[in-house]
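Visitor: pasting the sequence and the predicted model now:
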Amino acid sequence: MNNTARKGGVGAAQIILGLSIAILVIVVAVPVLLIFVNAFWVDGALNVKDVIRIIREKDTYQALVNSLIIAAGTTTGSTIVGTFFAWLVTRTDLPYKRFMKAMFLVPFMLPSFIGALAWKMLLSPRAGFINRFWMGTLGFEEPLFNIYSYAGIVLVEIMYLFPFVFIQVCGALERMDPTLEESARISGAGLFTITRKITIPLALPSILSGALLIMLYSMAHFGTVAVLGIENGIFNIPTLIYQRIHQSAGSFASIRTGTVLASILVMAAALIIWLQGKALSRGRYQIIAGKSFRPMELKLRALRLPLLILCLVYIAFTIVLPTVVIFLVGGLKTYGLPFTWENLSLDNYKFILFDYQVTRDAIWNSLSLGLGAALITMFAGVMISYVIVKMKVRGKGVLEFLGMLPFSVPGSVIALGVILAWSGRYGPNLYNTVWIILVAYIARYMAFSLKANSAALEQVHDSLVEAARACGASMWQALKDIVLPLVRPGMLAAFFLIFLPSLRELTVSIMLYSPTTRTIGVAIYTLNEDGETVRSAALAGIALFLIITGQTLINRFAKGRSA
Amino acid sequence: MPYIRLVNVTKRFGQVTAVNELNLEIEKGECFSMLGPSGCGKTTTLRMLAGFEDLSDGEIHVGGRLFSSPRQNFYLPPEKRDFGMVFQAFAVWPHLSVYENVAFPLRIRKLPKAEIERRATDALRSTNLLGAAAGSPENLSGGGKQRVALARALAINPDVMLLDEPLSSLDPHLREEMRFEIKELQRKYGFAIVYVTHDQAEAMALSDRIMVMRQGEMQQIDSPLNVYNNPANRFVFSFIGLSNFLRVSRTDGHAGLGTGSLPTELAPPEGLPPHSGLTLASRPSEIDFLAQGGLRGKVSRKSFLGEIVDYHLRLEDGQSLRVQKNRRLPGPEEGESCGLLLRRPFWYTDEN
Amino acid sequence: MATIDIQGVSKGYGSRRVHADLNLSVQHGECFTLLGPSGCGKTVLLRLVAGFEQPESGSIRINGSPVSDPAAGINIPPDQRDLGVVFQDYAVWPHMTVLENVAYPLKLAKKQRREMEERALEAVAMVGMKGLEKRLPSELSGGQQQRVALARALVAGPSLMLLDEPLTNLDANLREEMRFEIKELQRKLGITVFYVTHDQEIALAISDRLAIMDGQGRVRQIGSPQDIFERPADVFVFNFMGIANFIPVRRVGDDWLVGQGDQRVPVGRPDGAGELYTVGCRPSDVRIAASGPGLRGVVRRASFLGAMMDYQVEVDGVIMRVALETHEAIAGGLMFKAGDPCALNFHDLLWFDSVSAEDTGGA
């Protein structure tokens, strides 16, 4: 394709490459670069002393430590929970395994800050329903559990993050050649020995990779810590950045602190991504099955019922209960009333959807931002992926490097970088407009689009295009007739992978919103902060409804296609 | 007293009968092959013997002990059967070194340390793996991995070695080499081999006896030479190498091809049921060209394949026949007519 | 008319040389096969002819007119070379039906709707896919998909077809059937076929002429299948075309002795005047007997493979393979066991200059 670029296409390849690089540079690279410059470059000189001073400040230091503690706890807990459930649904005769597997994946679509909100309603030390029941009805002196604590934050994060490990380990165990375990069995090993010595070690790369993903996510996670931590003064890096920027309305010192923290976050994220790549490449054992048999199932025998109950209780407590609480609280006339028929109505929902300006704006903003970001990112993603996966053109290495960036830049970093880049210092001032949020969304979700589109493009074997060329198609005709129709499912996937999460986005929006540009996530969060618990819950309920409906439609659509 | 006994062994998966009332006896130290196309039930039979599949009916006895019996609700788990087993996909554990792979069954049996080392080293020596013992099996070729699997199966010095298409993932040259190595190991250790394969040449070369299976039913159990010389039915004939089948018509008790009659040397044997359909079977390499007489045919395609020349012929009644001759032997050209002599014709009625 | 002329073509990737100063020409209407071990660069050559890759130097002409010539700045893109190409992985477009796949080249050529349909249907019928026009490739077997690819490559009536290992992904029976069909189509349509494969049996069966390429991308021999098989230019070609016995021989006085022993080679003499030679023969060219004249040896391994008996015989430290048909072995009393003594004679022996073992490799 070198030649077509040189001769036929008037440098078409270079134009596409240049455009791709420009998009990634403007949207991702410049903001991240500005953060580093702001952190390390003062008055035209490198200044590390100042950076160290900022890190040693009590608050910043504590936030760093907190991020580590929470990430470590969450990662350990999620890995254990995720691996255990994955093993249970793939290697034992647990009843209703398909249903269980589907349920364990539900937390993927539930926004964790809404979960945190629900747990706050259940377990805040004084007002939480469970604690009130514990002290009021059962007469205990102390609350059962204080959710405003490290343990609370970690537990809630585990509930929503363990599917990352679960899905990876399930995949590894399902694809693993059963004869690897059978040959251990014929060697004389019992099933528990096999699990310990063969199965788990072989799945270790997948477990590690999922664990690192969780660590990355948890370190940069805003919502849960914001909802549950701030009350007790527990800040992590993203919440501290938010607090500083928010309180000081963009003063130089606060931005400085923010950029230092953000730089640390980016470096930590890059390290984690690098480790993950290593874990995957080093441990990518050839364990995929040749002949396929059903893998052996461990007969749980006496443990079958207790484990079934454990799973059901887990699902009931971590998935059903919080969701129900959100919907119920959203229906209460006033927060604090008991859940009786007289106290429940749909008035809040009606008010929020039709009458309340703040939430109506928020819903409208989120829908249009989501749509816009999804469309733009989908098209940009397919173009960039095409250059990376398919084109042979000089200078591609730069793009490949830039293409890695979106994967390792956490949301709060993007938000801060976008503030630095688009506040008028280097061109247009988008601050306080909806456009700055759009730019940030594009940066934040570019990784999803690149992933989905490159996966789709890798399926389009070169020979399909070459066959078209040999049939007499020019390069553009081949793109239009062959490549585009074949990557359409990948583009569609990218669209929904962006549209649905953007409906509940909080981390980025919270740093960038203005009174008229609240998103659903921001509105839920600020309503809750303002003590409007019931309205916050009602809006959260509406968000959940939108997300679950959307996801169900996509799943049905995807199933229809593959069948 | 045979060492392994399968009595009326039956396996059903839902509505499908994978193995139907199979009776089988295998002697100590024998090499026994189960041969058939994919889905014929050979692998299921092996897995029942290994203990990975329950039986639907029947019994399995090994060394005088009951191993499986659904009627008595008795089922000895695979880890208690003390078999060695090698799988098609190698199934060596990539997270353990070659040595640890081989030592695994010994460690499970909690043998003394010195004994583990002695036996593992011995198994590694027998499979020419001593030099690779400390390394990861991931660095070995397919043949090397399969040697690790063999060594691991040998380590406990089993009486029975179950081999599930162990060579079909290897390239042809290596396959042949490994075949001899397996034979050599059997000579040294004296285990019985139960071997599953779809490759007839492999089964023939390796086995003392072969069982040919089709759709869960045993077709023939015999020595390789007898299976070759006397295929029990049309299916067995077709499964052992290239084959020609000619439909023979019978009018008034006279056999013929189409409207023509058969040459005298091709008279069907006496005693065939008079009204059943007849098929004449022959191998492409066992047909000679004649200047005159014999079955008449015309060469429709002639291909030079190197050592052999491949002829496709059309007989006068429209049926086609294939002949393969060494390139040094004279043969007709494309479009020419010729006579054919079927050197070893076999006759099959529709019942078999 | 369709000919290919490749002159002085060189091609490399980074520091790896694939072809250096390669010359080859394919004549009108012939089926020309490029045969070589995997990684020898034969597919690269096909891609150069198709225009998917550019040579660094040299020129390629199709029908006499240059299509690639970097020195002259000529580089015709693949869509203007008027070829049919069939790939190893079929490369039928999964989102189009059989008919849409086959009609696509005609659509690009802006044919009338009616003509397009007629010719596409004709091509589909020609490859025996009639009735399956509305199917999607995912509903077809590998062999059927390759038929679609064949029809698609033929539909626009190219005078030159390039086939890149088109049968490798098919099972043995299908491979044989498709081999006949490709040959028949080529004869019927009178087109020139440039076929690339590593499978010597297909190459022998299908070709009018073939070129043998070694692992370094050098052409070792060009000739008819019989030429290549019976009169190999060197040890590499002989070894690549099938199972080969190589026997080192040395001259002692007027005699040629096998290995380090003192038995005389029973047939033939070398042309040259060297002291050391290698003689080659195929396993089926050895005649084995229990006793009598010939080389005395011992059967080391005996394998009954069904239709064939396969022996490995040791003669003075040299291992030779002997193959004969089982029915002949039974009839002739030639069912040997390991350890039996035997005597070997030869239909024919090929004399090569003495070579080290690795010269025979690469196959």
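Guide: Received, thanks.
Visitor: B:I287 touches B:R344, doesn't it?
Guide: No: if you go by Cβ atoms under 8 Å, B:I287 and B:R344 don't touch, sitting 9.3 Å apart. Yep, even glycine has a C-beta here, placed from its N, CA and C like the rest.
Visitor: what about those two, which has more around it?
Guide: B:I287 (25 against 14; other Cβ atoms under 10 Å in any protein chain shown).
Visitor: list the contacts of the nearest residue to that one once chain neighbours are set aside.
Guide: The spatially closest residue to B:I287, leaving aside those adjacent along the chain, is B:V323, at 4.7 Å (Cβ to Cβ, 6 or more residues apart in numbering or on different chains). Counting by Cβ atoms under 8 Å, 6 or more residues apart in numbering or on different chains, B:V323 touches B:284, B:287, B:289, B:310-311, B:313, B:331, B:340.
Visitor: list the ones among those that fall in strands.
Guide: B:287, B:289, B:310-311, B:313, B:340 (DSSP state E).
Visitor: number of residues surrounding residue 210?
Guide: No chain specified, so I'll use chain A. Neighbour tally, A:G210, other Cβ under 10 Å: 31.
Visitor: not quite, go with chain C.
Guide: 26.
Visitor: helices and strands of chain B: which one bottoms out on pLDDT?
Guide: Using mean pLDDT, DSSP states H and E, the weakest-scoring helix or strand in chain B turns out to be strand B:260-261, at a mean of 72.
Visitor: helices or strands up against the following helix or strand past that strand?
Guide: Downstream of strand B:260-261, the first helix or strand assigned by DSSP states H and E is strand B:278-282. In terms of contacts (3 or more Cβ pairs under 8 Å, 6 or more residues apart in numbering or on different chains; DSSP states H and E), strand B:278-282 is packed against helix B:234-239, strand B:244-251, strand B:346-349.
Visitor: within its sheet, name the partner strands of strand B:278-282 and how each one runs.
Guide: strand B:244-251 (antiparallel), strand B:346-349 (antiparallel) (DSSP bridges).
Visitor: so how far is that strand off the chain centroid?
Guide: 23 Å (Cα atoms, centre = their mean, to the nearest Å).
Visitor: C-alpha coordinates for it, CSV please?
Guide: Extracted in CSV, the C-alpha atoms of strand B:278-282 (Å, rounded to 0.1, in the frame of the first residue of the first chain):
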residue,chain,number,x,y,z
LEU,B,278,-23.4,-57.4,-4.4
THR,B,279,-20.3,-55.2,-4.2
LEU,B,280,-16.9,-56.0,-5.7
ALA,B,281,-14.1,-54.3,-3.8
SER,B,282,-10.5,-53.9,-4.8
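Visitor: what residues does that strand touch?
Guide: For strand B:278-282, contacts defined as Cβ under 8 Å, 6+ apart pick out B:231, B:234, B:237-238, B:243-248, B:250, B:255, B:266, B:268, B:272, B:342-350.
Visitor: dump the residue contacts of residue 57.
Guide: Using chain A. Taking Cβ under 8 Å, 6+ apart, one finds A:T257 in contact with A:E57.
Visitor: let me rephrase: I mean chain B.
Guide: B:8-10, B:21, B:70-71.
Visitor: remind me which residues of the stretch 101-250 of chain C are low pLDDT?
Guide: Within the stretch 101-250 of chain C, the set of residues satisfying pLDDT under 70 is empty.
Visitor: ok, now how distant is A:A455 from chain C?
Guide: Per Cβ to the nearest Cβ, to the nearest Å, A:A455 is found 16 Å from chain C.
Visitor: could you say which helix or strand holds that residue?
Guide: helix A:434-459.
Visitor: report all helices and strands that the helix or strand following that helix contacts.
Guide: Past helix A:434-459, further along toward the C-terminus, the next helix or strand under DSSP H and E is helix A:462-470. Where contact means 3+ Cβ pairs under 8 Å, 6+ apart, helix A:462-470 is packed against helix A:475-478, strand C:84-86, helix C:142-154.
Visitor: got the contact list for the helix or strand just after the second one?
Guide: Read it as strand C:84-86. On the C-terminal side of strand C:84-86, the closest following helix or strand by DSSP H and E is helix C:98-108. For helix C:98-108, contacts defined as Cβ under 8 Å, 6+ apart pick out A:468, A:471-473, A:477, A:481, C:79, C:92-93, C:96, C:115-117, C:119-121, C:123-124, C:129, C:132-137, C:140, C:148, C:151-152, C:155-156.
Visitor: just the buried residues of those residues.
Guide: Buried subset of the contacts of helix C:98-108 (neighbour count, 16 or more other Cβ atoms under 10 Å in any protein chain shown): A:468, A:471-473, A:477, A:481, C:79, C:92-93, C:96, C:116, C:119-121, C:123-124, C:129, C:132-133, C:137, C:140, C:148, C:151-152, C:155-156.
Visitor: excluding its backbone neighbours, what's nearest the closest residue to chain C within the stretch 1-150 of chain B?
Guide: Closest approach between the stretch 1-150 of chain B and chain C, counting by Cβ to the nearest Cβ: B:L35, at 10.6 Å. Nearest residue to B:L35, sequence neighbours excluded (Cβ to Cβ, 6+ apart): B:A203, at 4.5 Å.
Visitor: show me what contacts that neighbour?
Guide: Contacts for B:A203 (Cβ under 8 Å, 6+ apart) come out as B:33, B:35, B:195, B:197, B:210, B:224.
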